[in-house]
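Chemist: take this sequence and fold it.
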Amino acid sequence: MSEIINLRQARKQRRRGEKAAKAEENRVKFGRGKGQKRQEAQDRARQARDLDGKKLD
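Modeler: Below you'll find the predicted structure:
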């Protein structure tokens, strides 16, 4: 005899798995934390300042 399953619970479990997979894709695709974003912005600002300081008038 086969195992009896609740279809509602099976659908919910499948949806949870799909959401988890999508979340993992997004973490890989967009996964930069607030600290990393701030650090990159500071690096860009520093590079722009350095470049402006080296320009000849």
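
Chemist: show the backbone phi and psi for Gln42.
Modeler: phi -70, psi -40 (degrees, to the nearest 10).

Chemist: and it, how many residues sit next to it?
Modeler: Using other CB atoms under 10 Å, Gln42 has 10 other residues around it. Any C-beta I mention is one placed from the backbone N, CA and C, and that applies to glycine too.

Chemist: Gln9 now?
Modeler: 9.

Chemist: got the CA positions of the helix or strand containing it in PDB?
Modeler: Applying DSSP states H and E as the criterion places Gln9 in helix 7-30. This file holds the C-alpha atoms of helix 7-30, laid out as PDB (Å, rounded to 0.1, in the frame of the first residue of the first chain):
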ATOM      1  CA  LEU A   7      -2.200  17.300  -0.800                       C
ATOM      2  CA  ARG A   8      -2.600  20.800   0.800                       C
ATOM      3  CA  GLN A   9       0.500  20.200   2.900                       C
ATOM      4  CA  ALA A  10       2.400  18.800  -0.200                       C
ATOM      5  CA  ARG A  11       1.600  21.900  -2.200                       C
ATOM      6  CA  LYS A  12       2.700  24.200   0.600                       C
ATOM      7  CA  GLN A  13       5.900  22.300   1.000                       C
ATOM      8  CA  ARG A  14       6.600  22.500  -2.800                       C
ATOM      9  CA  ARG A  15       6.000  26.200  -2.800                       C
ATOM     10  CA  ARG A  16       8.300  26.700   0.200                       C
ATOM     11  CA  GLY A  17      11.000  24.800  -1.800                       C
ATOM     12  CA  GLU A  18      10.500  27.000  -4.800                       C
ATOM     13  CA  LYS A  19      10.700  30.100  -2.700                       C
ATOM     14  CA  ALA A  20      13.800  28.900  -1.100                       C
ATOM     15  CA  ALA A  21      15.400  28.200  -4.500                       C
ATOM     16  CA  LYS A  22      14.500  31.700  -5.700                       C
ATOM     17  CA  ALA A  23      15.800  33.300  -2.600                       C
ATOM     18  CA  GLU A  24      19.100  31.400  -3.000                       C
ATOM     19  CA  GLU A  25      19.400  32.700  -6.600                       C
ATOM     20  CA  ASN A  26      18.700  36.200  -5.500                       C
ATOM     21  CA  ARG A  27      21.300  36.000  -2.700                       C
ATOM     22  CA  VAL A  28      23.900  34.900  -5.300                       C
ATOM     23  CA  LYS A  29      22.800  37.500  -7.800                       C
ATOM     24  CA  PHE A  30      22.300  40.600  -5.500                       C
END
